[in-house]
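Colleague: got a structure for you, letters missing:
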């Protein structure tokens, strides 16, 4: 990761956010909404609403607690998960709950991943998912995962070596290594770079579980 993060404005000019890796690491470890605000301000990031900051910090705080995330990931009862998320100030719907469970299930299926990694477009990927019995992920969702993964990879300037460090033997190991980093990058992308779609937890979980598969050299590709 380089020392600066650069935002290209609509008029073609560029704005430099100071910090790079230092900024990302500080955001990842933020212990309160106010601390997150101060860290972002030090990185020359000011143009966000209180609501955006609040939502970003809630998701970020949960990403810092892997034990709590594992408990939520492994709980397949919607009402139980809803109550656990409410403890962190996060609300969810049954549809979103089902989508996240499908993301986890597909990312945990090595045979399915091997087949998907060989596909070159969203439609053929959807065909494989449907054949395996998965129907919650839409082409729009898959495109968002792909586009935002590229944004987080290229805009945050992660190196191939850094991506490889996020690899693991299964979804949970990959997710444990990367989810706090991914949520930190999403906070910067959403609040600083204006990429609003990257705040979706389902999308971020998909990216965290698959970033090293998309851009690394996982053995699972073979």
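Modeller: It's in. Nothing here was measured: the structure is a model prediction, and the numbers come from that model.
Colleague: quick check, pLDDT for residue 170.
Modeller: Per-residue pLDDT puts residue 170 at 88.
Colleague: got a list of what it touches?
Modeller: Going by Cβ atoms under 8 Å, 6 or more residues apart in numbering, residue 170 touches 108, 110. C-beta: built from backbone N, CA, C; applies to glycine.
Colleague: next SSE downstream of the lowest-mean-pLDDT helix or strand in the chain?
Modeller: The least trusted helix or strand in the chain, going by mean pLDDT, DSSP states H and E, turns out to be strand 14-18, with a mean of 53. Downstream of strand 14-18, the next assigned helix or strand under DSSP states H and E is helix 21-28.
Colleague: give me the residues contacting whatever helix or strand comes next after that next one.
Modeller: Later in the chain than helix 21-28, the nearest helix or strand by DSSP H and E is helix 33-42. Contacting residues not belonging to helix 33-42 are listed as 18-19, 23, 26-27, 30, 46, 48, 53-54, 56-57, 60, 187-188, 191-192 [Cβ under 8 Å, 6+ apart].
Colleague: now the buried members of those.
Modeller: In those, burial by neighbour count holds for 19, 23, 26-27, 30, 48, 53, 56-57, 60, 187-188, 191-192, counting by 16 or more other Cβ atoms under 10 Å.
Colleague: okay, the residues you listed in CSV with distance to residue 121 and pLDDT next?
Modeller: CSV is the format used below for the buried ones among the contacts of helix 33-42 (distance: Cβ to Cβ, whole Å; pLDDT from 0 to 100):
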residue, distance to residue 121, pLDDT
19, 36, 56
23, 35, 86
26, 38, 93
27, 34, 94
30, 38, 96
48, 34, 88
53, 37, 93
56, 32, 91
57, 36, 94
60, 33, 94
187, 30, 87
188, 29, 84
191, 32, 84
192, 31, 77
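Colleague: that's all I had, so thanks and see you.
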